[in-house]
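Colleague: what follows is a protein structure lacking sequence information:
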C-alpha cells in the first residue's frame, strides 16, 4: 500500500528529506548523492508552493514525545556529513524561504583541528558550521570518522559517539541533541549506545516516511539524489508513492542486512580474523 504523509495525530507520517552534498561540480565519490545548487533551490520552492512546513529534527521528536500537535504538512530537511556546499549553496535557498534544517556533521571530516583526512569531497570548516548554527540550522552528530557503527566493538563505538559529540559541543557551545547513523546502519546495541551517550533522537534511512511508532531512535528518511526530478521530489514532499520510488533500494538494503549479520556472526566466532 502506498504511503501518504499525514498531518496530525499518532498516525502522522512525515517526510524527512536526506541530502548530502549540494554542489555544481562534485567529485565522483559524491556525485550520485550531490544535488546541483539550482535543483536544490527549485526543490525548496516546491516545498513552499505545496504549503509544507519545514521543522527541525529535535522539534519533531519533542512533539511526538509530548503528544503536541505537529504543524500543517510537516517536512524535515536534513544534510549528512558536512559538505561545504551546505553553507555556500543550501543556506541561501533555505534563508530565502525561512526554512529550518538539520545538519549532521562527521567531525573528523570537517576542515580544522580534528580533520582525520577521510572526507570524500570539500567539507565545511568550523566557522561555516557556526554560521549555519547562527542562521538557525540544528547541528547534530554523525560520528567522528563515519564508520559502520554496527560493525564496531563497544570501545570503538563509544569513542565515535562521545568524541564527535564532545567536539561539536566544544566548537559550538551547545550539546547536539540529534544523531544520524552513518550509512543508515544501526542495530539494537548501537541505538542503545546512542541513547546512553545522551542523544535524544536519531535518524536512520529506510527510505520511508517517519512515524511516531518507529521510536525516537529509528526515524526513517527518504534520499534526495542528483537524479531526483522535480515531479518525484514533489511526491516525496507529499509522501506519495514512496514504496515504488525506493523499491530497488529496499531490496538492496535487505540483501546488505543479511551480509552484515553474517559478518557480525563471523566476527564473534572463536579464532575469527579481523
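Modeller: Nice, I can see it. Only a predicted model underlies this, so the values are computations on that prediction, with no experimental measurement involved. Numbering: from 1, shown residues only.

Colleague: going forward, measure contacts between C-alpha atoms and count neighbours the same way
Modeller: Noted.

Colleague: do you know how far the residue lying closest to residue 47 once chain neighbours are set aside is from residue 54?
Modeller: Spatial nearest neighbour of residue 47, chain neighbours left out: residue 237 (6.9 Å); criterion: CA to CA, 6 or more residues apart in numbering. As defined by CA to CA, to the nearest Å, residue 237 lies at a distance of 10 Å from residue 54.

Colleague: any shared contact partners between those two?
Modeller: Common neighbours of residue 237 and residue 54 (criterion: CA atoms under 8 Å, 6 or more residues apart in numbering): residue 75.

Colleague: in the stretch 1-150 of the chain, what residue spans correspond to helices?
Modeller: Taking DSSP state H, counting those that start in this stretch, the helices of the stretch 1-150 of the chain run over residues 37-49, 57-66, 85, 91-97, 126-134.

Colleague: what's the helix or strand for the residue nearest to residue 47?
Modeller: Per DSSP states H and E: residue 237 is located in helix 230-238.

Colleague: now that helix and helix 37-49, what's the angle there?
Modeller: 50 degrees (axes from the mean of the first three to the mean of the last three CA atoms, to 10 degrees).

Colleague: what's the closest non-adjacent residue to residue 216?
Modeller: Closest to residue 216 by CA to CA, 6+ apart is residue 201, at 4.8 Å.

Colleague: could I get the phi/psi values of the one you found?
Modeller: phi -160, psi 160 (degrees, to the nearest 10).

Colleague: and residue 28, how many neighbours does it have?
Modeller: 10 (other CA atoms under 10 Å).

Colleague: how about it, what does it touch?
Modeller: By CA under 8 Å, 6+ apart, residue 28 has no neighbours at all.

Colleague: over to residue 133?
Modeller: So residue 133 contacts residue 139 (CA under 8 Å, 6+ apart).

Colleague: show the average pLDDT along the helix holding residue 237.
Modeller: Taken as a whole, helix 230-238 has a mean pLDDT of 95.

Colleague: excluding its own residues, what touches that helix? List them.
Modeller: So helix 230-238 is contacted by 4-5, 15, 42-43, 46-47, 52, 75, 222, 224, 241-242 (CA under 8 Å, 6+ apart).

Colleague: equivalent analysis for stretch 86-98, please.
Modeller: Looking at what lies outside stretch 86-98 - CA under 8 Å, 6+ apart - the contacts are 21-23, 37, 40-41, 44-45, 48, 79, 100-101, 124, 128-129, 132.

Colleague: related to what we said a few turns ago, please look at the residue nearest to residue 216 and residue 212 and confirm they touch.
Modeller: No. Between residue 201 and residue 212 there is no contact under CA atoms under 8 Å: 11.6 Å.

Colleague: those two: who's more crowded?
Modeller: Each of residue 201 and residue 212 has its neighbours counted (other CA under 10 Å); residue 201 has more, 23 against 20.

Colleague: list the residues that contact that one.
Modeller: 58, 61, 177-179, 195, 216-217.

Colleague: turn those residues into TSV, columns for neighbour count, secondary structure and pLDDT.
Modeller: Listed next are the contacts of residue 201 as TSV, based on neighbours: other CA atoms under 10 Å; DSSP: H, G, I helix; E, B strand; the rest coil; pLDDT from 0 to 100:
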residue	neighbour count	secondary structure	pLDDT
58	19	helix	97
61	20	helix	97
177	17	coil	98
178	27	strand	98
179	29	strand	98
195	16	helix	98
216	23	coil	97
217	24	coil	98
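
Colleague: between the residues you listed, which sits nearest residue 148?
Modeller: Within those, the smallest distance to residue 148 is 14.1 Å, found for residue 179 (CA to CA).

Colleague: where does pLDDT dip in the stretch 1-150 of the chain?
Modeller: 1-10 (pLDDT under 70).

Colleague: could you report the separation of residue 114 from residue 199?
Modeller: From residue 114 to residue 199 the distance is 21 Å (CA to CA).

Colleague: which among the contacts of helix 230-238 end up buried?
Modeller: 4-5, 15, 43, 46-47, 52, 75, 222, 224, 241-242 (16 or more other CA atoms under 10 Å).
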